[in-house]
Each structure stands twice: as C-alpha cells, then as structure tokens.
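# When you get a sec, could you give me coordinates for this:
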Amino acid sequence: MGREVGSVRNVAAGIVCLLTLLPFPPYLPLQSVPQRDTAAAPQTGTAIIRGRITLAGGAQPIARVDVRASSPTLKRPRAVKTDASGRYEIRDLPAGKYVVSAVKSNFVTAAFGQTRPLGPGVPFDLADGQIANVNLTLSHSGVIAGRVIDEFGEPVTDVQVTTMRYQYVNGERRLVPAAGRSTTNDIGEFRMFGLPPGDYLVSARVQNGMMFLDSDDRPENRAGYAPTYYPGTSNPGEAQRISIDAGQVVNGISLTLMQVRTVRVTGVALDASGKPLGDTRVMAINPSGMFGPEANGQVRADGRFTLNGLTPGDYVLRAGGGDDAQVAMLPITVGDNDINDVQLVAYKQSSITGRIVFDSPDVHPNPSALRIIVARPNLVVTGGGNAVPKSDSTFELKTTPGHALFRVVVTGTGSWQLKSVTLNGADVTDDGIDVPPNATVANLVVTMTTQHGELSGAALGANGQPYRDCWVIVFPQDSARWTPFSRRIVAARPGQTNGFQMRVPAGNYYAIAIDNFDVEQGEWTDPAFLARVRDRAVTFAIEDGDKKSLDLKVSSSR
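Numbers count the residues shown, from 1 in each chain. As a prediction, this is how the structure comes out:
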C-alpha cells in the first residue's frame with residue numbers, strides 16, 4: 001500500500017517576473033558527475049506519484065490537466081495528463097525530493113503544499129519503490145474585462161492592456177506585469193483571463209504613443225497617448241486596484257487614455273572608431289525593461305536615426321547588440337521638447353576569461369554542467385553575459401561594461417556550490433568588479449566546493465509545535481552585505497517533515513521564522529525589511545563544514 005502524502009486545496013501559483021530582473025539564489029544545486037568511472041545520476045527508478053485532480057469546492061474531476069513532478073534528481077520535470085476521471089500516474093521515478101504541480105488553461109495553477117495565493121509548493125521526499133498519493137484541487141481563474149476609450153469617449157483599437165502587481169525584485173518593490181494581457185478589438189474591448197486571486201492594476205499602452213501628426217509636423221501638433229493606469233492616470237500610485245477572487249469575473253472596466261504631446265529624438269550612432277554604426281536598429285527602452293522598446297528605428301548608412309512618439313519619462317537608448325557586436329547605450333530624460341543631435345558611441349563588449357577550480361580535484365563534476373553568469377540588477381538595459389566552461393575548465397564570456405557580480409548556475413543535484421571568485425588573487429565574490437569598456441579582464445578564478453555550512457531545524461508556532469506556513473530567513477549580520485544577488489541571504493520554507501535545511505557560506509548571521517502571510521515573496525531582499533526584523537532574529541555563527549541545528553519561534557514581520 002502506498003504512503004499517503006496528502007491532498008491540498010489550491011490557492012494560487014506564483015507569478016514569474018521577468019527572469020532577467022530576478023536575483024539568483026545564493027547557491028544552486030549541482031549534479032555530482034565525476035569525470036571518471038561514475039555514471040550520471042539515475043533518471044529512472046521504481047517510485048510512483050499518483051492522484052486525482054478535482055474542482056475546488058466539490059468532487060468534479062478535471063480531465064486533461066498537466067500534472068508535473070519536478071526534482072533536482074531529474075534533468076527536466078516529468079509530466080502526464082489526467083484522464084476523464086481526473087486521475088494521473090507518473091511512474092519510474094528515481095528517489096529524491098519532489099514538487100508536484102497541476103496546470104490547465106483557465107484554472108489557477110496548484111502545487112502540493114501551497115498555503116496562499118502566489119505561494120510556492122512544498123517538496124516531499126520520495127523513496128525507491130514508494131507510491132505517493134498526491135491529490136490537488138483547481139479553482140477557476142479570474143477575469144477582468146472592459147473597454148479602452150479616448151478623451152472623447154470613443155473606443156481605441158489595438159491597445160495593449162496588461163495586469164500589473166507589485167513584487168520585490170532585487171530588493172526593490174516594483175510594479176511588474178502579471179498573468180493577464182489582452183489587445184483591444186475594433187470596439188475597444190479587452191478581456192484578460194487566467195488571473196490568480198490577488199490585487200491588480202490595469203495598464204493600457206499604445207505602441208510609440210499612437211502619434212497623430214498635422215501636416216506641418218510641428219512639435220505642438222504631435223499628440224499621442226501616455227501609458228495609462230485604470231481609471232485614467234499616468235501615475236501608478238494614483239491607480240485603482242482591482243481585487244480578484246478565484247473564478248471571479250470583473251466586467252465593465254472603463255479606462256480612459258491620457259493624451260500627451262509626444263517627443264522626437266534624433267541623433268547619430270557611431271562605432272568605437274567613430275564610424276557610422278549602420279545596419280542596426282536603435283531602441284528607446286524603459287529602465288524597468290517590462291514592456292520592450294517604447295520606440296525603435298533604423299540606423300541609416302550615415303549613422304543618423306530618428307525615434308518618434310516618445311512620451312515623457314526616462315529611457316535608455318540602445319543600439320547594436322549580439323555576442324560579438326558593438327553596443328551603444330545612453331540614458332535620456334524625455335520632457336516636453338524634442339531632443340536633437342544625440343550622439344550614441346558604441347564600444348566593443350568586454351571579454352572576461354578565467355577558469356573553474358574544484359576543491360576536490362580527484363572527483364568533481366563535468367565543467368559543462370556549470371554556467372558562469374554575470375549578475376546585474378537589470379539585464380534588459382545593461383546587458384549581462386554567460387558562458388559554459390570548456391572541458392579544460394576554462395571559460396570566456398562577453399559582457400557590457402559596468403559593475404558585475406559572478407554567480408554559477410548548476411544542473412542536477414549534489415552538494416557543489418560557489419565558494420569564491422577571485423581576480424588576480426583578490427576576493428571579489430561579494431563585491432564584484434567594475435568591467436571597463438573595450439577591455440579584456442583575465443585571470444578570473446571561480447572556485448566550487450562541497451564544504452559549506454549546513455543549517456537545519458524547525459519553526460515553532462505559538463503552541464510550541466512545528467509550523468510549516470512560514471519562511472525561515474537567514475541574512476548576514478553585516479548590513480553591507482544586504483545587497484542584490486547576495487549569496488548570504490537565504491530563505492526556505494519548512495518541508496513535509498516540518499523541518500528546514502539550508503546551506504550558507506561561513507560567517508555571522510541572523511535567523512528568523514516569519515509567518516507566511518506576513519512576508520511577500522522576495523521581500524527579504526529589501527534592506528529595509530531586514531533592518532525591521534533583525535532585532536527579533538536569533539544570531540549564530542557557522543564555518544565551512546559545520547552542521548548546526550536551530551529551532552525558531554515564528555514571528556511577525558510587521
């Protein structure tokens with residue numbers, strides 16, 4: 001008889017922000033694949049996950065649901081579809097720690113162990129030969145529908161309408177696109193579906209400001225529409241929030257676009273030698289990077305370019321691109337007047353060369369299982385870079401100039417993690433380096449290790465019993481390390497066994513357990529949040545190779 005893992009009522013799936021804006025975790029597990037005499041980790045086994053997917057609030061089965069089992073043991077998730085009775089079975093699974101989720105269009109995604117909207121699933125251990133029964137319920141997703149009109153009350157067609165919500169990204173609470181988006185039809189109507197429960201702002205945008213030109217094309221005769229938030233403001237702080245429950249349909253939203261005078265930007269794009277940077281395009285990008293180019297145009301053979309339809313705001317002009325191409329970038333602020341004679345001067349992307357070093361030279365993973373990443377707060381605007389090491393453990397990556405941290409993305413499972421990054425012998429793991437333009441930075445050494453501090457324990461509720469609906473947050477006592485991409489800020493939720501486990505580099509830390517409903521996903525990357533909770537946190541120190549146990553009483557962050 002299979003062991004019952006349990007069933008959980010769905011509350012919502014997490015919404016994924018733009019990947020380029022999200023911080024990398026402080027470590028990522030790596031499949032331990034020795035270069036000699038050891039086969040890859042098994043991808044098949046004798047365990048089974050089975051169960052049934054039903055509609056929330058009843059026993060009605062839901063057919064053709066994608067049920068996915070994810071595990072560090074697997075190179076990619078295993079997925080099956082439910083049958084007419086809502087049942088599924090995923091066979092031949094290797095032992096490991098699994099997260100099970102259920103996905104179907106027009107339903108809110110469910111994951112085993114979710115406790116609130118946008119909450120993550122809870123991993124559980126699956127042993128060889130075990131049969132785990134995981135039953136999930138799905139709720140219908142929400143809908144927001146309405147019309148976009150102009151200043152005269154007339155419908156506007158081909159307007160991009162997007163739901164937005166606030167989310168912590170790299171320590172800042174930013175407004176980011178959420179699940180729903182739509183384009184208005186011929187009578188200005190939109191309908192955004194697939195929305196998980198939550199609070200949303202609705203944004204309407206027209207490409208290039210939807211310019212209207214009089215015949216003389218004077219600046220005062222160029223009109224367009226600014227990005228507008230419901231019910232009709234360009235300031236998201238003044239926008240009205242719309243709350244959606246599971247399966248709720250909100251109709252009758254009327255959003256009035258704001259007309260503004262648009263601005264034209266002209267200039268010349270030159271390469272690093274001062275010659276015209278032809279055969280490319282120039283784009284005006286919002287620094288948030290959320291919506292793609294606000295305007296774009298062709299760079300002519302003489303290097304001249306024109307961008308039309310820009311509404312007031314901050315932008316980054318960017319021309320060129322590609323791994324080996326030259327890139328030009330320039331921040332500008334658009335006001336009420338045209339901007340002329342802008343000069344964009346490109347630079348060659350800088351080259352960073354180095355090697356991977358393993359602190360266990362006899363048995364270590366294949367270097368191709370690693371990816372070296374240049375971590376920056378906004379890769380859309382500034383550009384990043386990544387490289388997979390060669391078989392001899394050397395690597396070369398191209399990146400734009402600016403301040404950069406280096407992190408390692410690894411595949412599979414195991415205990416390998418980043419130990420240090422040095423440049424010419426100096427430790428730059430936590431501080432990073434300033435990459436100059438048109439340069440080659442050599443002798444970067446990335447060291448991987450299996451020697452790390454391991455912290456485990458339990459979060460305890462008011463009754464002294466283990467409490468799972470919380471986050472355990474570990475952060476350094478040195479507030480100078482409360483920075484984006486910090487490998488010393490770690491957050492984890494207690495698992496199926498009610499305990500938590502995490503790896504941290506050697507150092508002095510705070511640890512606190514906070515109720516799930518008192519902390520937003522990623523809020524622990526905000527220095528203000530860490531300063532607010534540190535007086536209630538427990539202090540501890542850990543060295544590489546240490547294993548420490550720590551029980552924490554669940555606290556509120558407010």
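
# which residues in the stretch 251-400 of the chain form strands?
258-261, 263-270, 280-285, 293-299, 304-310, 313-320, 326-334, 339-345, 347-348, 350-358, 370-375, 386-387, 394-399 (DSSP state E, counting those that start in this stretch).

# Show me how this protein divides into domains.
3-35+43-138, 142-261, 265-344, 350-449, 453-555 (automatic domain parsing).

# related to what we said a few turns ago, how about the strands of the stretch 251-400 of the chain in CSV, adding distance to Ala492 and mean pLDDT?
All C-beta spots, glycine's among them, are computed from the backbone N, C-alpha and C. Listed next are those as CSV, based on distance: least, Cβ to Cβ, whole Å; pLDDT from 0 to 100:
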stretch, distance to Ala492, mean pLDDT
strand 258-261, 44, 85
strand 263-270, 47, 93
strand 280-285, 35, 88
strand 293-299, 38, 82
strand 304-310, 44, 90
strand 313-320, 36, 87
strand 326-334, 37, 88
strand 339-345, 45, 93
strand 347-348, 41, 84
strand 350-358, 26, 93
strand 370-375, 21, 90
strand 386-387, 26, 89
strand 394-399, 30, 92
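
# In JSON lines, list the domains of the chain along with mean neighbour count.
Listed next are the domains of the chain as JSON lines, based on neighbours: other Cβ atoms under 10 Å:
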{"stretch": "domain 3-35+43-138", "mean neighbour count": "18"}
{"stretch": "domain 142-261", "mean neighbour count": "18"}
{"stretch": "domain 265-344", "mean neighbour count": "17"}
{"stretch": "domain 350-449", "mean neighbour count": "18"}
{"stretch": "domain 453-555", "mean neighbour count": "18"}
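
# before we move on, back to that, and Val472, which of the strands of the stretch 251-400 of the chain is closest to it?
Val472 lies closest to strand 370-375 among these, at 23.7 Å (Cβ to Cβ).

# Pairing partners for that closest one, with directions?
Using DSSP bridges, strand 370-375 pairs in its sheet with strand 386-387 (antiparallel), strand 402-410 (antiparallel).

# From the chain's centroid, how far away is it?
15 Å (Cα atoms, centre = their mean, to the nearest Å).

# contacts for it?
23-24, 30, 352, 354, 356, 384-389, 395, 397, 399, 404-410, 446, 448, 484-485 (Cβ atoms under 8 Å, 6 or more residues apart in numbering).

# Ala528 - that's part of a helix, no?
Yes. Assessed by DSSP: H, G, I helix; E, B strand; the rest coil, Ala528 belongs to a helix.

# Tell me, what's the model's pLDDT at it?
The model reports Ala528 with a pLDDT of 92.

# wait, Ala145 sits on Asn185?
No. With contacts defined as Cβ atoms under 8 Å, Ala145 does not count as touching Asn185, sitting 11.4 Å away.

# Low-confidence bits of the chain, can you list those?
1-42, 117-119, 207-221, 288-293, 321-325, 377-383, 412-414, 496, 557-558 (pLDDT under 70).

# all helices for it, in order.
For the chain, the helices defined by DSSP state H cover 379-382, 527-533.

# thinking again about what came up before, quick one, which of the strands of the stretch 251-400 of the chain gets closest to Gly96.
Taking Cβ to Cβ, strand 370-375 is the member of the strands of the stretch 251-400 of the chain nearest to Gly96, at 20.8 Å.

# who touches the nearest residue to Ser368 once chain neighbours are set aside in this structure?
Using Cβ to Cβ, 6 or more residues apart in numbering and skipping the chain neighbours, the partner closest in space to Ser368 is Val388 (5.8 Å). The contact partners of Val388, by Cβ under 8 Å, 6+ apart, come to Pro367, Ser368, Leu370, Arg371, Ile372, Phe395.

# can you pull the contacts of the last one?
Contacts were defined as Cβ under 8 Å, 6+ apart; by that measure Phe395 touches Thr353, Gly354, Arg355, Ile356, Ile372, Ala387, Val388, Pro389.

# Apply 6 Å and report the result again.
Ile372, Ala387, Pro389 (Cβ atoms under 6 Å, 6 or more residues apart in numbering).

# Please name the bridge partners of the first one.
It stands for Ile372. Under the criterion DSSP bridges, Ile372 forms beta bridges with Ala387, Val408.

# how close does it get to Gln343?
34 Å (Cβ to Cβ, to the nearest Å).

# Kindly provide the distance from Trp482 to Val504.
Distance, Trp482 to Val504, using Cβ to Cβ: 14 Å.

# still on that earlier bit, now distance to Ala513 too, for the contacts of Phe395, in TSV please.
Converted to TSV, the contacts of Phe395 look like this (distance: Cβ to Cβ, whole Å):
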residue	distance to Ala513
Ile372	34
Ala387	38
Pro389	38
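
# Show me which of those is closest to Thr306.
Closest to Thr306, out of all of these and judged by Cβ to Cβ, is Ala387, at 36.5 Å.

# Give me the contact list for the longest strand along the chain.
Longest strand in the chain, counting residues (DSSP state E): strand 172-183. With contacts defined as Cβ under 6 Å, 6+ apart, strand 172-183 is touched by 15, 17, 160-167, 190-192, 194-195, 236, 290.
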